[in-house]
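Enquirer: heads up, no residue letters with this:
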């Protein structure tokens with residue numbers, strides 16, 4: 001059964017929204033790159049409007065510190081719509097779901113286990129590969145002392161193991177020799193203070209697959225091919241390309257055999273990892289044309305115009321309100337029958 005959007009006939013709920021507002025962290029002295037994953041105020045405005053459109057009372061909560069204060073004060077909600085990315089550690093995206101789990105308050109999107117797992121691309125790829133889903137060959141480099149252990153053939157691709165929004169990815173991420181590998185990996189280790197994921201470079205088409213729903217009811221919203229313009233940084237959907245996507249990136253709906261294979265692979269990974277409600281899976285084809293899993297984003301950006309998932313929906317003719325309705329439908333189904341949906 002497909003996930004149906006919530007309508008205004010649904011019994012009104014008190015829905016809290018948790019989020020990290022980018023301007024708050026910029027005001028504290030964090031850089032543009034450090035805050036790249038955080039939300040703009042108009043994202044929260046759009047989300048509140050969409051939730052209210054579906055008939056619910058919306059309460060803005062804010063980041064995890066605000067959530068802690070309001071929980072301590074005794075405030076509760078029927079559901080929390082969580083889009084907070086967190087700031088510190090591999091478990092930063094899992095912190096709010098874990099806290100809500102302790103208070104038995106349901107929230108949208110994946111649980112704390114999945115969010116903690118998915119942020120670490122190396123662990124995620126190892127698990128996905130164990131499910132029989134194709135990934136690039138890879139090595140997780142913990143320190144410069146691990147460089148001699150990288151025995152994958154060139155070209156390679158290097159990126160931080162636990163960053164989003166293309167952070168740490170540039171044209172230099174495609175590596176053609178040992179000297180470049182050492183330079184790039186040392187730079188990433190120093191800058192991001194986390195391991196580096198080194199992968200076999202995939203030269204084929206790049207896709208992102210939008211998914212809504214949970215388990216057997218998860219379905220693809222469509223497949224978008226990522227196309228870089230002549231002025232873009234080469235070889236990668238990088239931080240710069242994402243920040244300036246209007247000039248540097250083109251998004252094209254794809255429905256050919258390779259794109260359909262990408263959707264099937266994405267759904268297999270989504271279900272195998274236990275992701276919920278909505279998100280994206282990124283893939284890239286190898287030299288033989290086989291789409292390989294790169295990463296899953298179970299907490300995808302929701303800016304109505306600038307985030308990849310809403311961009312995909314717009315190309316498909318799906319409105320922002322409809323997208324939020326799909327997410328609510330999945331989350332509320334779990335709330336109404338927790339024993340059938342794993343809590």
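Expert: Good, I have the coordinates. What you are looking at is a predicted structure, and each value in this text was computed from that prediction instead of being measured.

Enquirer: and residue 60, which of the three is it?
Expert: Put simply, residue 60 is strand when judged by DSSP: H, G, I helix; E, B strand; the rest coil.

Enquirer: these two touch, right, it and residue 17?
Expert: Yes. Contact status for residue 60 versus residue 17: in contact at 5.4 Å, counting by Cβ atoms under 8 Å. Every residue, glycine included, has its C-beta placed from N, CA and C.

Enquirer: More neighbours: which of those two?
Expert: The residue with more neighbours, out of residue 60 and residue 17 and counting by other Cβ atoms under 10 Å, is residue 17; that gives 21 against 14.

Enquirer: Out of the helices and strands in the chain, which is least certain?
Expert: For the chain, counting by mean pLDDT, DSSP states H and E, helix 338-341 ranks last in confidence among helices and strands (a mean of 46).

Enquirer: so what sits against both of residue 60 and residue 17?
Expert: Overlap of the contact sets of residue 60 and residue 17 (by Cβ atoms under 8 Å, 6 or more residues apart in numbering) consists of 44, 48.

Enquirer: where's residue 231 relative to residue 245, distance?
Expert: With distances defined as Cβ to Cβ, to the nearest Å, the gap from residue 231 to residue 245 amounts to 12 Å.

Enquirer: actually residue 93, not the one I typed
Expert: Distance from residue 93 to residue 245, counting by Cβ to Cβ: 22 Å.

Enquirer: neighbour count winner among the two?
Expert: For residue 93 versus residue 245, neighbours defined as other Cβ under 10 Å are more numerous around residue 93 (27 against 19).

Enquirer: Over to that one: give its phi and psi.
Expert: In terms of degrees, to the nearest 10, the main-chain angles of residue 93 are phi -80, psi -20.

Enquirer: who's in contact with it?
Expert: 84, 85, 86, 115, 116, 118, 119, 299 are the contacts of residue 93 under Cβ under 8 Å, 6+ apart.

Enquirer: So which of the residues you listed sit within helices?
Expert: With helices identified by DSSP state H, the entries of those that belong to them are 115, 116, 118, 119.

Enquirer: Selection in ChimeraX covering whichever of the residues you listed are buried, please.
Expert: In ChimeraX, a selection of the buried entries from the ones in helices among the contacts of residue 93 looks like this (16 or more other Cβ atoms under 10 Å):
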select :115,116,118,119
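
Enquirer: Could you dump the ones in helices among the contacts of residue 93 into JSON lines with pLDDT added?
Expert: Rendered in JSON lines, the data for those read as follows (pLDDT from 0 to 100):
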{"residue": "115", "pLDDT": "97"}
{"residue": "116", "pLDDT": "96"}
{"residue": "118", "pLDDT": "97"}
{"residue": "119", "pLDDT": "96"}
